[in-house]
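Participant: the following block contains a protein sequence and its predicted model.
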Amino acid sequence: MGHIHLHLLKNLSLLKTLINQSIDQIRKRVWISSWDGKNIEEANIRFIESLLVFRGELKEKEKILNKIKKNINQAKKLFDNKLDRFMLLVEKENPGFYKEFKQERETQLLSKLKDKVLKEKFVSSEDITIEGNMAKKDESNFRRKTSQKAKKANKVEA
């Protein structure tokens, strides 16, 4: 029995040594991983901070781009209105040219209306035709506005 007892003590001491070595290795790994974890954490924080700055700049650029688009659209509308008024003066001098211009302008307005309706209602282009109600309504609005502009131009000339 003493021999078994001695053998058990040797195995137990060997087991304690292995356990202590394993604990030391685990401590080293935990210390290294906690050190790496701190570095990774700091890197993540720096990345998030730079990303926030980038997002802020991106939002600012989007705002500026939207303002530019809005200004371009306003300039186009202003130019179109000025051109329409100018063409009323040309109507008397060159009626054929004015007729072609008016037809082209009506086509342009109808296509703009068609695009606008498509964007707002997500309707397929097959559902909207130039002969449709919306196009006829826009055409009558154009004629009404053109006649009003002509009356104003005649008043200014008189």
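Facilitator: That came in fine, so what should we check first? Residues are numbered from 1 along each chain as shown.
Participant: and Leu113, how far from Ala43?
Facilitator: Counting by Cβ to Cβ, to the nearest Å, the gap from Leu113 to Ala43 is 54 Å. Glycine gets a C-beta too; all of them are placed from N, C-alpha and C.
Participant: the more surrounded of these two?
Facilitator: Shown here are Leu113 and Ala43; by other Cβ atoms under 10 Å, Leu113 has more neighbours (20 against 10).
Participant: what helices or strands is the helix or strand containing the more buried one leaning on?
Facilitator: Using DSSP states H and E, Leu113 sits in helix 95-121. Counting contacts by 3 or more Cβ pairs under 8 Å, 6 or more residues apart in numbering; DSSP states H and E, helix 95-121 is packed against helix 2-93, helix 133-157.
Participant: out of the ones you listed, which gets the lowest mean score?
Facilitator: Mean pLDDT per stretch puts helix 133-157 lowest among these, at a mean of 60.
Participant: list the buried residues for stretch 96-116?
Facilitator: Going by neighbour count (16 or more other Cβ atoms under 10 Å), the buried part of stretch 96-116 is Tyr98, Phe101, Lys102, Arg105, Glu106, Leu109, Leu110, Leu113, Lys114.
Participant: same check on stretch 66-73?
Facilitator: Neighbour counts using 16+ other Cβ under 10 Å place no residue of stretch 66-73 among the buried ones.
Participant: now do it: everything it contacts.
Facilitator: Taking Cβ atoms under 8 Å, 6 or more residues apart in numbering as the criterion, no residue outside stretch 66-73 touches it.
Participant: Val53 versus Arg46, what's the distance?
Facilitator: Distance, Arg46 to Val53, by Cβ to Cβ: 11 Å.
Participant: what angle do the helix holding Leu113 and helix 2-93 make?
Facilitator: Counting by axes from the mean of the first three to the mean of the last three Cα atoms, to 10 degrees, helix 95-121 lies at 160 degrees to helix 2-93.
Participant: what's the model's confidence in helix 95-121, averaged?
Facilitator: Here helix 95-121 scores 84 as its mean pLDDT.
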